[in-house]
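>>> Below are the sequence and a predicted model; questions follow.
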Amino acid sequence: MPESLIVGRIWIIAGAFAALGVAALAVALSGAFGAKEPASTESCWKAGAPERAAVPAGAFTMGANDQYPEEGPTQRLAVEPFDIDTHEVTNAAFARFVAATGYVTSAERATELGFKAPGSAVFTGTSWGFVEGASWRHPDGPASTIEGRDDDPVVQVSLEDARAYAAWAHRALPTETQWEYAARGGLDGKEYAWGDALTPAGTFMANTWQGVFPLVDTGDDGHTGRAPVGCYAANGYGLHDMIGNVWEWTADPYYPAHRVDAAAKRAAPNGFDPRQPDMPVGVIKGGSYLCAADYCRRYRPAARHAQDTGLGTNHIGFRTVSMQQNPSGEE
């Protein structure tokens, strides 16, 4: 089952939760599961820690054949060396970009996308909806703020916004192949970025959802909602939060399988998702704090999802890589 479906340009959670009396059930489950307050927003990132990491050349098996259908078929790929940000681009870094360039994000000019006012898509607890005033500065709506959250990953950025930041930084967005290879951290064929167990020896390795989605996140991993970057252990390449926290944009258009013939790509050069056939769609990777074991098991390197390229959300961010030619290919 997909994490969400797009209706028009707005993501909503599909399901029968409305028939259950969501508000009352959420209160009951909150008591039953012992929902926790969000952990401190204090930075996890240590001053002077490396901001970029070198990823060596190598080969790996991309995708999975036994999970969601869009993850297959698997393919063996060779990858040239590159460097990648050790964490997602933060609010502080994006603010520096905006201050230097005067850039205005897609959410802040959403009327160009057909909306009546500036705003973006926000998950409000049980569903997705367009919220006027949502933007990277107000990621969960106009009453929210990024004050005191400099080290949170920036969200509410479209693919265009992410590309603009990358160009300013003289970098690029990772291809899907680069992203997955980096996320695996040298562990070829493992289900997760750290091995085959979701919580090895009971240790939470990423910011995901615990509890009954979308009603209660118990926060057993230490966070509910977005976490500051770097709060979880790095993978084998020294990269934090490749899994969970927020989804991440890649450079590639989305197609519903890894192998798509040239004619299909010519017919839909901006990607194709049968669930939203008339929408340009890109590949996002890594899952987010909204991914739960009972609804969305996309907190794995092989996982991938289609996202409307013109629309940010409060659970999608990005990181950048060094620019290079021909970063990957069949082995």
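Good, I have the coordinates. As the structure is a prediction and not an experimental result, all values here were calculated from the model.
>>> C-alpha only now, for contacts and for neighbours.
Will do.
>>> Tell me where this structure has helices.
For the chain, the helices defined by DSSP state H cover 22-33, 91-101, 159-168, 176-184, 262-267.
>>> Out of those, indicate the one that is most buried.
Highest mean neighbour count among the helices of the chain (mean count of other CA atoms under 10 Å): helix 176-184, with a mean of 26.
>>> Report all helices and strands that that helix contacts.
The contact analysis (3 or more CA pairs under 8 Å, 6 or more residues apart in numbering; DSSP states H and E) places helix 176-184 against strand 58-62, strand 75-79, strand 247-253, strand 281-285.
>>> could you redo those strands as a markdown table and give each row mean pLDDT, mean neighbour count and distance to residue 223?
Formatted as a markdown table, the helices and strands packed on helix 176-184 follow (pLDDT from 0 to 100; neighbours: other CA atoms under 10 Å; distance: least, CA to CA, whole Å):
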| stretch | mean pLDDT | mean neighbour count | distance to residue 223 |
| --- | --- | --- | --- |
| strand 58-62 | 98 | 19 | 30 |
| strand 75-79 | 97 | 17 | 34 |
| strand 247-253 | 98 | 25 | 16 |
| strand 281-285 | 98 | 27 | 20 |
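>>> related to what we said a few turns ago, with mean pLDDT and distance to residue 44 as extra columns, can I get the helices of the chain in CSV?
Output for the helices of the chain, formatted as CSV (pLDDT from 0 to 100; distance: least, CA to CA, whole Å):
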stretch, mean pLDDT, distance to residue 44
helix 22-33, 37, 26
helix 91-101, 98, 14
helix 159-168, 98, 23
helix 176-184, 98, 20
helix 262-267, 93, 42
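>>> Compare the helices and strands packed on helix 176-184 and give me the one nearest residue 143.
Evaluated over those, closeness to residue 143 peaks at strand 247-253, with 23.0 Å, by CA to CA.
>>> That closest one to helix 176-184, inter-axis angle?
Calculated by axes from the mean of the first three to the mean of the last three CA atoms, to 10 degrees, strand 247-253 forms an angle of 150 degrees with helix 176-184.
>>> Can you tell me which of the helices and strands packed on helix 176-184 is nearest to residue 45?
strand 247-253 (19.0 Å).
>>> Packing partners of the closest one?
Secondary-structure packing of strand 247-253 (3+ CA pairs under 8 Å, 6+ apart): helix 176-184, strand 281-285, strand 316-317.
>>> and the last one, which strands flank it?
Taking DSSP bridges as the criterion, strand 316-317 sits next to strand 247-253 (parallel) in its sheet.
>>> circling back to that earlier point, CSV please, covering the helices and strands packed on strand 247-253 and showing distance to residue 168.
CSV is the format used below for these (distance: least, CA to CA, whole Å):
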stretch, distance to residue 168
helix 176-184, 20
strand 281-285, 21
strand 316-317, 16
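>>> out of the ones you listed, which comes closest to residue 310?
Within the helices and strands packed on strand 247-253, the stretch nearest residue 310 is strand 281-285; the backing value is 8.5 Å (CA to CA).
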